[in-house]
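Chemist: mind looking at a prediction? Sequence and model below.
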Amino acid sequence: MRLPNYNEAKDRNKVDITYLNVNNDIDAIYTNKKYFLRTYGCQMNVHDSEQIRFYLEKLGMNSTDTLEDADVVVLNTCAIRENAHDKVIGYLGRCKHLKKEKKDLIIVVMGCMAGQVDVVEDLQKNHKYIDLIIGTNNIYDLPRLLIEKGSKQNIEVYSNSDIVPENITYERDSKISAWVNIMYGCDKFCTYCIVPFTRGRERSRKMECILEECKSLVASGYQEITLLGQNVNAYGTDLNLGYDFADLLEKVAELGIPRLRFVTSHPWNFTDKMIEVIAKYENIMPYIHLPLQSGSSRILKKMNRRYTKEEYQELFDKMKKTIPNAVITTDIIVGFPGETEEDFQDTLDMVEYCKYDGAFTFIYSERKGTASSFMKDDVSNEEKESRLKRLNELVNKYSKESNVKLLDKVVPVLVIGPSIKDENKVYGYTDTMKLVNIEGDESLIGKIIDVKITDAKSFSLDGVVNN
Ligand code: SAH
Ligand code: SF4
Ligand code: F3S
């Protein structure tokens, strides 16, 4: 039993990292049982679920998409905003109901909510039907905890782990495009953000281990690798081995994977060397997600983002100049404590300046324990909603404009799967990460093909194979 602890999570005392070879030799003690796995949140969680799925299958279970058929339910949760939290609590209500009828049902809560002290205390007190709560730094403990499962709620959360797990096996969702973790945790402590608490200190995997994993993905025929970290620019700083993210990117590109991507990069410390490497390799996609958060230097300072509006603009211009066809998308928060109409106007001005190809926009949500939770959340809900609406109108305008520019152009698309809406179509992504629905059959899946764009909407494109 190990409870989450914000003080421990805050502790960045650099104790030596242990590189742990996780055990994948798991007894299949849950044969004839079914599991139901539901994932909330970001790519990091989606990828963690691929590890969770491996363990559940190794234990002998089969997957089900119907909650009512499950013997084991795993919720891989997200804590980023209150609405993410509310969704999980709502779903737990359904699980509780089911457990009343099915006494042997095992309910497991994993992901970022498991790292929040106040949330776990609430689950302990008011949701006693939950069997296991497992933190993001303890995923490899899942099989052990399921095997040992006693009659009491067990909580296992390393708030700040000094472990980098290696030898992890994943049950990957795709045979075409793969996620690869390059680091865990985050040390940036943007004042609004819960992630440094739920995922602990920044720890990099060693380059040789990452390359080994990527090599085997290339050998298995993968077409795309996306390197994952909360802040990939920081890769290597904790290792002190003389290499950084640009070096890693270059080494992975040289393995010959047809498409290489990364998320997320922070505008602070996005080095010239990184920009040069992206420009130099054709297989590094010309797509960068560069979260702005706010266009006001005053608010950026309060957010602890470590750059000003002018520094962001300078970086943006450099990327556009050096990387041919660079497409840049962003994240923006409105209604941060103390944000005035003038600050918000600065954000709109930045959107005008950058004309983003796309943006995820959010209303500020106070997260307990973060630095900004001690600031007065003084922008009214009405004002927050109105700013979000005005921002989205502008963002959608530029996103549509950038799509319209592609009309009648021929672009390379990696085909991912059959279209959900139309059985005569497949879907895929351009090098610049735009979603395209293409007329064609399943024989195209897994291939990078030239597509002529025939229609442009705000959030997707239509196209035909260009012969
Ligand atoms: N590590 C990534 C982002 C992780 S969270 C990065 O730094 O870019 C994804 C996005 O959620 C953030 O970029 C931010 O825009 C938003 N976000 C994070 N905390 C939030 C909060 N408390 N309220 C509203 N949006 C938030
Ligand atoms: Fe959160 Fe900032 Fe870290 Fe991103 S860089 S995960 S926004 S603290
Ligand atoms: Fe991701 Fe949500 Fe955690 S966005 S890092 S799953 S809080």
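Modeler: Arrived safely. Ligands and ions are numbered 1, 2, ... in the order given.
Chemist: C-alpha from now on. contacts and neighbour counts both.
Modeler: Will do.
Chemist: which pLDDT value belongs to C190?
Modeler: Note for C190: predicted pLDDT of 98.
Chemist: correct me if wrong: it contacts N304.
Modeler: Yes: between C190 and N304 there is a contact under CA atoms under 8 Å: 5.1 Å.
Chemist: so for the two, which residue has more residues nearby?
Modeler: C190 (20 against 15; other CA atoms under 10 Å).
Chemist: wasn't I453 part of a strand?
Modeler: Yes: membership of I453 in a strand is supported by DSSP: H, G, I helix; E, B strand; the rest coil.
Chemist: is it correct that it is in contact with S460?
Modeler: No: counting by CA under 8 Å, I453 stays clear of S460, with 10.5 Å between them.
Chemist: and those two? Which one has more around it.
Modeler: I453 (24 against 15).
Chemist: tell me the bridge partners for that one.
Modeler: G463 (DSSP bridges).
Chemist: how much space between it and E212?
Modeler: Remark: distance between I453 and E212 (CA to CA, to the nearest Å) = 37 Å.
Chemist: likewise for K206?
Modeler: 10 Å.
Chemist: compare those two (neighbour count), which wins?
Modeler: Each of K206 and E212 has its neighbours counted (other CA under 10 Å); K206 has more, 19 against 11.
Chemist: quick one, grab the pLDDT at the more buried one.
Modeler: pLDDT, K206: 96.
Chemist: and if you look at the one 10 residues further on?
Modeler: Confidence per residue is given as pLDDT, and for S216 that number is 98.
Chemist: wait, what's in contact with it?
Modeler: For S216, the contact set (CA atoms under 8 Å, 6 or more residues apart in numbering) is empty.
Chemist: distance of it from E166?
Modeler: S216 is 15 Å from E166, by CA to CA.
Chemist: just I133 next, same as before
Modeler: Distance from I133 to E166, by CA to CA: 22 Å.
Chemist: and the two? which has more neighbours close in?
Modeler: Neighbours per residue (other CA under 10 Å) separate I133 from E166, with I133 holding more: 29 against 15.
Chemist: who's in contact with whatever residue of the stretch 301-450 of the chain ends up closest to ligand 2?
Modeler: Residue nearest to ligand 2 within the stretch 301-450 of the chain: R305 (7.2 Å; CA to the nearest ligand atom). By CA under 8 Å, 6+ apart, R305 lies in contact with 190, 268.
Chemist: where does it land in three-state SS?
Modeler: Assignment for R305 (three-state DSSP): coil.
Chemist: for V218, which non-adjacent residue is spatially closest?
Modeler: Nearest residue to V218 in three dimensions, chain neighbours excluded: I257, at 5.8 Å (CA to CA, 6 or more residues apart in numbering).
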